[in-house]
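>>> One predicted model, sequence on top.
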Amino acid sequence: MWLRSVYLKTLRDHRVGALAWGLGPGALMVAVLTQFQQIVGDAHARAALVAVAEQFSWYEAPVGILRPGGFATFRLGPMLAILPSVWALLAATRTMRGEEERRMLDLVLAAPLSRAQVVMQKLAALATALAVMGGVLGVLVWIAGRAADAEYGAVEALVFGLNVALTAATFGAIALLVSQFVAERSAAAGITGALLALSFVLHSTARISPDLKWLAYLSPLYYAGLTKPLVPEVGISPGGMAALSAITLLAAGAAAALFTQRDLGASLHLPLPALTWLGGPGDHAPAAYAPRGDWSLRAILLRDLRSIGRSAVWWAAGAVAYAAWMTAAAVTIQANFTTMARGSPLLSAIFSRLTGVEGTAVFLNMVVFSFVPLIISAFSVSEAARWAVDEEEGRTEMILAAPVSRRHVVLARFAAIGAVLTAICAAVAVGVLGAGRAVGLELNTANLAAAALGIVPVALLVACLGALLSGWLRSAVVSSLLMVYVVVSFILVFIGPIFHWPRALIGLSIYEAYGSPLVDGWSWPGMSTLCGLAALLLAAATVRFARKDLAR
Amino acid sequence: MPTAPILEVQSLTKSYGRRRGVRDVSFAVTEGEAFGFLGPNGSGKTTTIRQVMGFLKPDSGRALVAGLDCWRDSVAVKRLVGYLPGEMALDPGLTGGQLLEYFANLRDHAAGGRGRAVDPAYVAQLAERFGLDLSRKFRQYSHGNKQKVGLVQAFMHRPRLLVLDEPTSGLDPLNQQEFARLVRETRADGRTVFLSSHILSEVEDLCDRVAIIREGSLAHVGALEALRTSPDASLEESFLRFYATPTAEPSHVA
C-alpha cells in the first residue's frame, strides 16, 4: 500500500517522525496541564507566577496564565513552535535535496511522471505528515485539558495542534526554497535552522522593544503566536493563520517552480563570496592532476574539520545571534525587575536573585546557557547522523581502504568535532561578552568561559553516543534516538524542578551535570562526570568500531 | 615463473544471521598472476572481497595478503593493496583532483619516513590515459567517470596486489581497452591483479586462473578453459551450464 505512489512512499518515509513529533510534544503538554494545580496552589504562588511571567514576555506573552490553557501556552508555546519546525526543516531537506544528492530522484523522475507531479506529491505527503503530527498533538492536548478541567474544548485543542503543524510547515517550505540554492542537504538545513533562530530573536526583540515592533512582522513565529486557541482572551487568529499559510504556499510554490526549471542535482547560484572557502574549489580547478596543497586534504582530521565547518558556521551563527541578543536585552529586563521590586516587599524577595551583578549571571544562565547547550547538542546530533550516513553509503569504507587504522578514523572525527565545538562555544562566549560590553553589563569572564566551554563535554557526550550507535542502527534511527534523548534531557532540567520530579530522574539529563556555571563557576564534579562519561563512551565507540563489520 | 602466494584465503566463513554469506572458501593467488573471481549476483563475491580488505571480520578462517592477516594486520595489508569497490561512494563536494590528492596524502602519511607512496606524475599519467577531467566535482561525474576516479585511485601507488570489484562497470570500450592494457602492464611489472567481474570475455582475456563462487561456496578454482564441457561448446555456454548446476565439492584444477 505504501509503495503505490510518490505521495505514499514519501508519507511512509515520514510516518514515524510525524507520530513521534506529535506524541513527544503532546506528552509534554499533558505533563504541564495535569500538574498545573500543584504550581498555582495558593495566592502567593499565583502572584509570584504573574510577576515572573511578566519578565518573560520576551519569550511568550503572559496571557491567562492562571488558567491551565494559558499557563501551558505560556510555558510551552514557543518551544512547540520551534522544535517541530526543526523536524520539519530536516524532513523537507531530506525529501528533496537529500534524495537529489543521492541520485534517488533520478530513478523516480525516470518514471512517466512530470517533475511538477513528483514535487506536488512530495509536498502533499509532507503536509499530510504535519497534519498527522498536529492531529496527534491536538488530541493529547484535548485529553489533558479535560483531566485538568481546562476551559477549552476539542476544537480549540485541534486548532492548537494545527497551528503548530502550520508553523512547522512554514519552516519546512522555507527549507525547500533554500534547497534550490545550495547543493547539499546539510547546508540547506543549517541555513534554515539559522533563519529559525533569527525568527525567534526578531520576534523576541519586538516583544520587549516597542520601537522595534516592526521587526516581528519579519518573523513567521510572530504570526504563529497570534493564534492561542487554549487562551480564550486571545483565541484563534484567522489573520495569523492566513499569513502562515501564505508564507508556506509562497515558499513551497517558489521551490516547486524553481525545481521544475533547473538541472536535476544542480543548484541555482547565489553570490556568497565570504563563504566560498567552506565550499571547496571554485570553477578554476585544473583538469589535469596537479596537487594544490589544499590544507583540508592533508589528513583525515583536516578533511573532517572542513566537512564539519560548512554546517558549523550556520549553527554557530544561530547560537551566537541568540546568545548576544539575550545578553543585550538583559539590561532592560533587569531594570524592570528592579522597578517592580521597589514597590513590593513580596516581589523584592522574588527578584532579589535576579538583580545586581549576580542577578545578571542568574538571568543569563537561565535564558542563554540553558538554550545554547540544546542548540549545540542538536549540532552534535546532526554530525553523528552524518557519520552513520557515511558508513551506510560506503564513504567510510573508501577511507579505510587506505592504510589507516579504524582507531585513527574515529579519533580524527572526535578531534575534529571537539575542535569545532570548542570554536562554536568560544564564539558564543565572545558574542555574550561583546554584547554585554556594548550595553554596559558586568560579567565574570572566568564564569562566562566556564559556561561556554562547559558546553563542549555535553555536546561531545552526545557525539560519543552517536558514534556508538552509528553503523549499528540506521542513520535516521540514530538521529531520532539522539534528538529524543537531547530534548528529554532538556525538558527534565527545564521543567522537572518546577514539578518536583525525583532527583534521580532529573539526574538522567545530560544538562544536569552541566549545572549553572555562569553563576557557580566551573563545576569540577559535574564536568568530571561529563568528561568521564564522554571518555568512556568514546573508548567504547572506538573499540566497537575497531572490531565490527563495516555497514553498507 | 612467480610462485609465492600474495593472497591466501583459508576456510573463510561469514554469515549474516539467517542470510547467507560465504562458507569455507579457500583459494590462493600467486604473485604476478591475474586472478578472476566469478559468481552470480549475491553469491558471496563482495563478502569475500570485503573480508580481504578487513571491512568484515570472518566468523572463521582467515585471509592473508603477503602472509599478513587481513583483519589483524589490516593497515599493513592496505599498504600493499589497491582497492576499487563495486559501488563508488566519495565526498560529492570534492573534485576528482582533490579526491586523488586526498587519497595520495593518506598513503604518503602511512609511508612515514619512507618517502612518497604516490608519484604525482604517475597519477597525472593515469588520469590522462583514461581521459579523466579532474576539475569536476564528484557529484557531477557520470558513472563511467566516477569509475575512472576509482581506478586511478586504486592504481596510483603501484600496489603489489590490486583488488578490483567490477572494474570496467560503466567504462566505454576505449577505456575498457585502456584498463586491459594497464592490467597487462601491472602483471608485466610482477604485480598481482584480483578482479571480480561478470564479463567472461574480459576475464578470459586478462586472467590466468579463476575462482567461481556459487551460493556462498567455492565451486571451481583453476583455468577458465577447464570449464569447457566439450571442444565444440562455447566457453559462455559451458560457463552458464556450470553456474546452473550445483556441485558438492569445488573442483581444483592447476
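On my side now, so go ahead.
>>> just the residues of the stretch 251-400 of chain A that are near chain B, which are they?
A:265, A:279-281, A:283, A:285-292, A:294, A:297-300, A:303, A:307, A:393-395, A:397-400 (C-beta under 8 Å from any C-beta of the partner chain). (Glycine included, C-beta is placed from N, CA and C.)
>>> Got a quick ChimeraX command for the buried subset of the residues you listed?
A single ChimeraX command is used to select the members of these judged buried by 16 or more other C-beta atoms under 10 Å in any protein chain shown:
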select /A:279,280,281,285,289,291,294,297,298,299,300,303,307,393,394,395,397,398,399,400
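>>> give me the low-pLDDT residue ranges for chain B?
B:1-3, B:113-114, B:245-254 (pLDDT under 70).
>>> And the helices in it, which stretches?
B:45-52, B:74-80, B:96-111, B:120-129, B:143-155, B:173-188, B:200-206, B:235-244 (DSSP state H).
>>> now the ones you listed as CSV including mean neighbour count?
Formatted as CSV, those follow (neighbours: other C-beta atoms under 10 Å in any protein chain shown):
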stretch, mean neighbour count
helix B:45-52, 24
helix B:74-80, 20
helix B:96-111, 22
helix B:120-129, 17
helix B:143-155, 23
helix B:173-188, 16
helix B:200-206, 17
helix B:235-244, 15
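>>> Distance to residue A:455 added to these, as JSON lines?
Shown next, in JSON lines, are those (distance: least, C-beta to C-beta, whole Å):
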{"stretch": "helix B:45-52", "distance to residue A:455": "39"}
{"stretch": "helix B:74-80", "distance to residue A:455": "35"}
{"stretch": "helix B:96-111", "distance to residue A:455": "31"}
{"stretch": "helix B:120-129", "distance to residue A:455": "43"}
{"stretch": "helix B:143-155", "distance to residue A:455": "39"}
{"stretch": "helix B:173-188", "distance to residue A:455": "52"}
{"stretch": "helix B:200-206", "distance to residue A:455": "56"}
{"stretch": "helix B:235-244", "distance to residue A:455": "59"}
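>>> Tell me which of the ones you listed sits nearest to residue A:215.
Residue A:215 lies closest to helix B:96-111 among those, at 42.4 Å (C-beta to C-beta).
>>> can you tell if that closest one touches chain A?
Yes - looking at helix B:96-111 against chain A by C-beta under 8 Å from any C-beta, the contacts come from B:97, B:98, B:100, B:101, B:102, B:103, B:104, B:105, B:106, B:107, B:109, B:110.
>>> Closest to residue A:421 out of those?
Nearest to residue A:421 out of the residues of helix B:96-111 next to chain A is residue B:102 (C-beta to C-beta; 23.9 Å).
>>> The closest one contacts residue A:295, correct?
No - counting by C-beta atoms under 8 Å, residue B:102 does not reach residue A:295; the two are 11.5 Å apart.
>>> quick one: residue B:121 from residue A:290, how far?
In this view, residue B:121 and residue A:290 are 10 Å apart by C-beta to C-beta, to the nearest Å.
>>> Can you report how many residues lie near residue A:89?
Other residues near residue A:89 number 28, with proximity taken as other C-beta atoms under 10 Å in any protein chain shown.
>>> Which of the helices and strands in chain A ranks last by mean pLDDT?
In chain A, the helix or strand scored least confidently by mean pLDDT, DSSP states H and E is helix A:345-351, which has a mean of 60.
>>> buried set for the helix or strand just after that one?
Counting by DSSP states H and E, the next helix or strand C-terminal to helix A:345-351 is helix A:356-367. Buried residues in helix A:356-367, defined by neighbour count with 16+ other C-beta under 10 Å: A:359, A:360, A:361, A:362, A:363, A:364, A:365, A:366, A:367.
>>> Which elements pack onto the next helix or strand after helix A:356-367?
With elements assigned by DSSP H and E, the helix or strand that comes after helix A:356-367 is helix A:372-393. Helices and strands touching helix A:372-393, by 3 or more C-beta pairs under 8 Å, 6 or more residues apart in numbering or on different chains; DSSP states H and E, are helix A:185-208, helix A:300-343, helix A:395-400, helix A:406-438, helix A:455-469, helix A:475-495, helix A:510-514.
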